[in-house]
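**Q** Give me the fold of what follows.
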Amino acid sequence: VQYISPSVTRILGYQPADLIGRSSFDFLHPDDLAAIASGFRAASGSPGVNPTVQMRFRHAGGEWRTLEATSTNLLDDPHVRGVVVNARDITEQRAHERQLRFQASALEQMSDAMIVVDDSYAVTYLNPAAERLYGQSFAVARGRFLGELFRVVYEHPGDEQEAWRSMREQGLWRGECRHVCAARTIAVEVAVVALRGEEASGMVAVVRDVTARKQAEERLRLLESVVVNAHDAVIITEAAALAEPSPRILYVNEAFTAITGYSAAAAVGRSPRFLQGSDTSRETTAQIRVALERREPVRVEIRNYTRAGRPIWIDLSIAPVTSADGQVSHFVAIMRDVTLRKDLEAQLLQAQKLESIGRLAGGIAHDFNNLLTAIGGYADLALDGVGAAPAREDIAEIRRGVDRASALTRQLLAFSRRHAHSPEVLALND
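**A** Numbering: from 1, shown residues only. I've put the predicted structure just below:
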């Protein structure tokens, strides 16, 4: 270095005397030496060529500053006889460019859509997420009225007025609405910020597609409504442990209270075993336990007890519920009160038993009636043949016994429904 301007102190922190007589290569970043040497050779060997290079130069304070240097070959100038290098500090410019590139990359890669419009609502920017969301490229949408991209439908009356009021007073608005495009309707969360400056004015909107979330929430609301209003009791328990006092109840619906008499507050935190009693089948509870240990569904009929101590029959279905990692996290039980059905089944069984007895009695009565017919016939013949003999009264008693036995047989046949009834009108006062 033969000469350096005083501005070196402002830019690099050195006094000119610190650098004159030294090689500038001593202050350059090692990674830049090859490119600088190539540019210097080009300048010194080719008069009229003015190569421009960027290089990192060590500041007097130790940090690296980025300089943009242009070399001019004045070796033939008798007043100079050297290569003149004009350099300017572009450290902040480079940092700003890196920041801009970072921001541009962030905008390009962000999953939320970004829309920028000017004061006339003409589109001035769409990031790739916005292009995907609305099905239009920025090249096509640029300069077009925003309303051609989508139509806004607000969720509740008054939301539109509130949005405009917030933009006027605060310069921003956050809310939910729907964007109606040519092909579909999208549920979105929107954050809008007003741009108010000398260089740019308009609005920036960041839009998040929440259609899937809204649909999931609607399904959850529907499922909750079904569970809450179901006639069958629903119990949700933990699945971490099965030994007493687990598995603990986490949720019961209103039907559970209607069937058992226990409120949700009285049931949550307890094991469903508290519904069991002295007549609950141990074989059935063992079957349930084995299925739960194996994380398998099970369906049984079990005798439980209400809060009042009344026994009830329950058709119980239990199914495991898996979490996102595939592990069983909960059990869901559906309880249906089948006490009436079980009572009707018991009555039907009793009626079938009585019907069997009736059929048996009817068969016996039919055969016995045949014997009585024969006995009665022979008694009548005997009465006709004995005249006034002493034995006549005995034979008549046999005949009367046959008549009484026949009446009893008719009653048995009526009970077995093998004999037609002959209802008679009776005068109770006679």
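**Q** now the helices for the stretch 301-430 of the chain?
**A** Assigned by DSSP state H, counting those that start in this stretch, the stretch 301-430 of the chain shows helices spanning 339-386, 392-415.
**Q** mind checking how far the longest one is from the chain centre?
**A** Think helix 339-386. Offset of helix 339-386 from its chain centre (CA atoms, centre = their mean, to the nearest Å): 66 Å.
**Q** State the distance from residue 57 to residue 409.
**A** From residue 57 across to residue 409, the span is 131 Å (CB to CB, to the nearest Å). Yep, even glycine has a C-beta here, placed from its N, CA and C like the rest.
**Q** Actually, residue 265.
**A** Distance of residue 265 to residue 409, computed by CB to CB: 66 Å.
**Q** Counting neighbours, go ahead and name the busier of these two.
**A** When residue 265 and residue 409 are compared for neighbours, residue 409 comes out ahead with 23 against 9, by other CB atoms under 10 Å.
**Q** Contacts only, for the more buried one.
**A** Residue 409 makes contacts with 365, 368-369, 372, as judged by CB atoms under 8 Å, 6 or more residues apart in numbering.
**Q** In stretch 329-349, which residues have enough neighbours to count as buried?
**A** 330-339, 342 (16 or more other CB atoms under 10 Å).
**Q** Flag the least confident of those.
**A** Among the buried residues of stretch 329-349, residue 342 carries the weakest pLDDT, at 85.
**Q** For that one, give me its contacts.
**A** By CB under 8 Å, 6+ apart, the neighbours of residue 342 are 301, 313.
**Q** ok, back up a step: now the buried residues of stretch 329-349 in JSON lines, please, with extra columns for distance to residue 17.
**A** Shown next, in JSON lines, are the buried residues of stretch 329-349 (distance: CB to CB, whole Å):
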{"residue": "330", "distance to residue 17": "81"}
{"residue": "331", "distance to residue 17": "86"}
{"residue": "332", "distance to residue 17": "86"}
{"residue": "333", "distance to residue 17": "91"}
{"residue": "334", "distance to residue 17": "93"}
{"residue": "335", "distance to residue 17": "96"}
{"residue": "336", "distance to residue 17": "99"}
{"residue": "337", "distance to residue 17": "102"}
{"residue": "338", "distance to residue 17": "105"}
{"residue": "339", "distance to residue 17": "107"}
{"residue": "342", "distance to residue 17": "110"}
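**Q** which one among the residues you listed gets closest to residue 309?
**A** Comparing the buried residues of stretch 329-349 against residue 309 with CB to CB picks out residue 339 as the nearest, at 14.0 Å.
**Q** Would you convert the contacts of residue 409 into JSON lines that also reports distance to residue 69?
**A** Formatted as JSON lines, those follow (distance: CB to CB, whole Å):
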{"residue": "365", "distance to residue 69": "130"}
{"residue": "368", "distance to residue 69": "134"}
{"residue": "369", "distance to residue 69": "135"}
{"residue": "372", "distance to residue 69": "139"}
